[in-house]
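# A structural model of the following input is requested.
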Amino acid sequence: MTTRVLTGITPSGTPHLGNYVGAIRPAIAASKAQGIESFFFLADLHSLIKAQDPERTQRATLEIAASWLACGLDAEHVWFYRQSDIRETTELMWFLTAIASKGVLNRAHAYKAAVDRNREEGQDEDAGVSAGLFMYPVLMAADILIFKANKVPVGRDQIQHIEMARDFAQRFNHVYGKDYFPLPEVVIDEQVATLAGLDGRKMSKSYHNTIPLFAPREELKKLVFSILTDSRAPGEPKDTEGSALFQMYQAFATPEQTAAFAQAFAEGISWGDAKQQLFERIDSELAPLRERYNALMAEPHKIEALLQRRGQQLRETLAMPLLQELRQAVGLRDLSSAGDIASEDAGVARQAPPQFKQYREKDGRFYFKLTGGDGALLIQSEGFDSPRDAGQLIAVLKQAEHGDALQSELFKLHADVDAVLAALATLREDA
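Residues are numbered from 1 along each chain as shown. I've put the predicted structure just below:
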């Protein structure tokens, strides 16, 4: 079976070497694996939450598109598209908004951080918080679910958003009675390279210690020669451990080249010679990429034509058929067929909601069970000494949103975890 892998790319201008080594290069390599259908999208709608500068948004989107193409992303082999070109995404976002729990969104890390910051500063909790920030997880879920992605590579700070996408997918499937969406899985690459910057700290624009990926040759050399090193003189052995210069060389070299460079460190290579070797190693890989990038940036209309063509193909192949099915599912239908639907549904009672039932057995102990709308047993408790104890556990279970909360010796599951979580979500929605 083909596995669909979806990667979102934030348009934040031209990337630096850390972005290339840690994200771009490995993602492009992974997209070439057998059995993988890759989706790469430019998250221009997401970028509007942070910046409302039209020229900056346009320029950043162009630069990041040209960057990935220059680095070898094959737009004919993968789906490479602009988020805003897939109009069905925002329609799906609304379908998900209609069933998403506000309580879940209240716990989103970015929103909570903004609220906590306002509290610390003595301001209104929602001061400066846009609805876009609050709804960000729903749009991200729509990005994932619109193409039924199976796996989503993200950083650890984004794990919660994938869990929310699973929650929304599960809830939609339950409400409308069919598995319209697979539940996406998060992918965390523990081997992702983190490149040190000019000052030895992690390379980051916030630290102002980056080397732009497509810096001209002379600028690249100047930046490489400005990498912070210690005061050891030529002839003195130098440590590779903790050396930003050595780490950067290793990221662009073969194992054999890295071993030779390590030996040169041990033999006391001068910092000037080491930096010259690093510059030549990096430039040998980046020079052809730089040339392609400059050519792409000189003809932005070609990038625009590519994105429009691939976006339209993707809409027609996957997005439009799915939304047609989902409109039918939620009831946005051709009204002329209402009579047929009514006759099909005649005499069919609306399914009752799930419910907790408390009762006392002959042993004098108090029990509870959770049943589905069809009467099926989902949870059966052990006995409690008092109805209060049973009621307190029911209150806790009603808030369960993840499988970990369903692991206890005080009750047993009589259905799969997803079905139980869906029933609990229905109870919260109906409360």
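# number of nearby residues for the nearest residue to A400 once chain neighbours are set aside?
Spatial nearest neighbour of A400, excluding adjacent residues (CB to CB, 6 or more residues apart in numbering): L424 at 5.5 Å. For every residue, glycine as well, the C-beta is placed using N, CA and C. Neighbourhood size, L424 [other CB atoms under 10 Å]: 22.
# with G122 instead?
G122: 7 neighbours (other CB under 10 Å).
# distance of it from Q276?
Distance from G122 to Q276, counting by CB to CB, to the nearest Å: 55 Å.
# tell me who's in contact with Q380.
Residues near Q380 by CB atoms under 8 Å, 6 or more residues apart in numbering: Y367, K369, F411, K412, H414.
# quick one: residues contacting the spatially closest residue to the first one that is not a sequence neighbour.
Meaning Y367. Leaving aside its chain neighbours, Y367 sits nearest to S381 (5.2 Å; criterion: CB to CB, 6+ apart). Contacts for S381 (CB under 8 Å, 6+ apart) come out as Y367, F368, K369, A390, L393, L410, F411.
# from those residues, keep the buried residues only.
Neighbour counting over the contacts of S381 (16 or more other CB atoms under 10 Å) leaves Y367, F368, K369, A390, L393, F411 as the buried ones.
# tell me the one among those residues nearest to T57.
For the buried ones among the contacts of S381, the residue nearest T57 by CB to CB is L393; the value is 50.1 Å.
# name the helix or strand for the residue of the chain positioned farthest from its centre, please.
Seen from the C-alpha centroid of the chain, the residue lying at the greatest distance (CA atoms, centre = their mean) is K362, 52.0 Å away. Here K362, judged by DSSP states H and E, is contained in no helix and no strand.
# quick one: R117 from Y111, how far?
From R117 across to Y111, the span is 11 Å (CB to CB).
# the two: which is more packed in?
Y111 (18 against 14).
# element containing that one, please.
Using DSSP H and E, Y111 falls in helix 109-120.
# for the residue nearest to Y367, name its beta-bridge partners.
Note on S381: beta-bridge partners by DSSP bridges are F411.
# could you measure from it over to L406?
12 Å.
# can you check G177 too?
Distance, G177 to L406, by CB to CB: 23 Å.
# looking at the two, which has the bigger crowd around it?
Per other CB under 10 Å, whichever of G177 and L406 has more neighbours is L406, with 16 against 9.
# gap between that one and L370?
L406 is 11 Å from L370, where distance means CB to CB.
# and for these two, which residues touch both?
Taking CB under 8 Å, 6+ apart as the contact rule, L406 and L370 both touch L397, V420.
# where along the stretch 1-150 of the chain do the strands fall?
Applying DSSP state E, counting those that start in this stretch to the stretch 1-150 of the chain gives strands spanning 3-9, 36-42, 79-82.
# closest to T229 out of those strands?
For the strands of the stretch 1-150 of the chain, the distance to T229 is smallest for strand 3-9, at 33.4 Å, taking CB to CB.
# for the closest residue to P153 other than its chain neighbours, grab the count of nearby residues.
Among residues not flanking P153 along the chain, V187 sits closest, at 4.3 Å (CB to CB, 6+ apart). Residues lying near V187 (other CB under 10 Å) number 15.
# for V187, give me phi and psi.
Main-chain torsions, V187, degrees, to the nearest 10: phi -120, psi 120.
# residue numbering should commence at 653 henceforth.
Let's use 653 as the start, then, which means that last one is V839.
# and stretch 666-683, what's its mean pLDDT?
Averaged over stretch 666-683, pLDDT sits at 93.
# for stretch 701-708, same thing?
Averaged over stretch 701-708, pLDDT sits at 90.
# which residues does that stretch contact?
Here stretch 701-708 makes contact (CB under 8 Å, 6+ apart) with T709, S782, G784, L785, Y788.
# which one (most neighbours) among those residues?
Most neighbours among these, by other CB under 10 Å: Y788, with 20 neighbours.
# mind checking how far that residue is from M745?
As for Y788, its distance to M745 is 10 Å (criterion: CB to CB).
# so what's the nearest residue to A867 once chain neighbours are set aside up against?
Distances taken as CB to CB, 6+ apart place L875 nearest to A867, at 6.5 Å, with adjacent residues excluded. With contact taken as CB under 8 Å, 6+ apart, L875 is in contact with L850, I863, A867.
# just the closest of those to I879, please.
Of all the contacts of L875, I879 sits closest to L850, with 5.4 Å by CB to CB.
# for the closest one, phi and psi?
Main-chain torsions, L850, degrees, to the nearest 10: phi -60, psi -30.
# counting neighbours, what do you get for it?
Neighbourhood size, L850 [other CB under 10 Å]: 19.
# please apply the same query to M745.
Counted with other CB under 10 Å, residues neighbouring M745 total 22.
# how near is it to F833?
Distance, M745 to F833, by CB to CB: 13 Å.
# where in the stretch 903-1052 of the chain is pLDDT low?
Per-residue confidence for the stretch 903-1052 of the chain (pLDDT under 70) gives these ranges: 991-1003.
# now do the helices in it.
Remark: helices assigned in the stretch 903-1052 of the chain by DSSP state H, counting those that start in this stretch are 907-918, 923-949, 952-966, 972-982, 990-997, 1039-1050.
# looking at those, which is nearest to W731?
Short answer: helix 952-966, nearest of the helices of the stretch 903-1052 of the chain by CB to CB, at 5.4 Å.
# please state the offset of that closest one from the chain centre?
For helix 952-966, the distance from its own C-alpha centre to the chain's C-alpha centre is 23 Å (CA atoms, centre = their mean, to the nearest Å).
# circling back: how far away is the residue farthest from the centre of the chain from G1035?
According to CB to CB, K1014 stands 11 Å off from G1035.
# please apply the same query to T713.
Between T713 and G1035 the computed distance is 61 Å (CB to CB).
# same check, this time on P789
Distance of P789 to G1035, computed by CB to CB: 40 Å.
# what's in contact with stretch 938-952?
Here stretch 938-952 makes contact (CB under 8 Å, 6+ apart) with 714-715, 718-719, 721-724, 865-869, 872, 954-955.
# how about the strands in the stretch 803-952 of the chain?
Assignment of strands within the stretch 803-952 of the chain using DSSP E, counting those that start in this stretch yields the ranges 803-805, 837-839.
# in CSV: the ones you listed, plus distance to A885.
Below are these laid out as CSV (distance: least, CB to CB, whole Å):
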stretch, distance to A885
strand 803-805, 44
strand 837-839, 46
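# for S895, find the nearest of these.
Closest among the strands of the stretch 803-952 of the chain, once you apply CB to CB, is strand 803-805, at 28.8 Å.
# what helices and strands are in contact with that closest one?
When contacts are defined as 3 or more CB pairs under 8 Å, 6 or more residues apart in numbering; DSSP states H and E, strand 803-805 sits against strand 655-661, strand 837-839.
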